[in-house]
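In: My questions are about this predicted structure, shown below with the sequence.
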Amino acid sequence: MASSLTCTGVVWAFLSFLCAATSCVGFFMPYWLLGSQLEKSVSFGTFRRCSYPVRDESRQTTVMVEQCGRYASFQAIPSAEWRICTVVTGLGCGLLLLVALTALMGCCVSELISRTVGRVAGGIQFLGGKCSCGVGMGT
């Protein structure tokens, strides 16, 4: 197998893939915020939630649904900030994954990644990392 990457590039490609995969898993998991409500453990992320309250109109009470799921629609996400976070984090994860997969292909295909392409990919990866990490941390 021919490679267009140096040893540093190969290490970068594998670390990039691991970081992108970790970011994507973190994005899809609903464990960003943990707490309790109505004496039940609850958690939610940008577009998924576990153990959430719903109004039972027949009994006129609030009951806890003890299952995980995504919001029914984009507008059902509780606030505008969480909707923005969902979009920006999703775009960041997409950019990170795109660059990481391209870098991994560079390990197998010769002349795929030049010095200029590597620098541009690193810039895109930096931007994607800022999108997926910066928003979720409140910065």
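Out: It's in.
In: contacting residues for residue 51?
Out: 37, 40-43, 64-68 (Cβ atoms under 8 Å, 6 or more residues apart in numbering). The way it works is simple: take the backbone N, C-alpha and C, and place the C-beta from them, glycine included.
In: now these in CSV, with pLDDT, secondary structure and distance to residue 87?
Out: Below are the contacts of residue 51 laid out as CSV (pLDDT from 0 to 100; DSSP: H, G, I helix; E, B strand; the rest coil; distance: Cβ to Cβ, whole Å):
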residue, pLDDT, secondary structure, distance to residue 87
37, 78, strand, 26
40, 80, strand, 29
41, 82, strand, 28
42, 82, strand, 24
43, 82, strand, 21
64, 81, strand, 29
65, 80, strand, 26
66, 82, strand, 29
67, 82, strand, 25
68, 82, strand, 21
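In: Now flag whichever of those residues is closest to residue 57.
Out: residue 65 (14.3 Å; Cβ to Cβ).
In: which stretches of the protein form strands?
Out: Using DSSP state E, the strands of the chain run over 33-37, 40-44, 48-56, 61-70.
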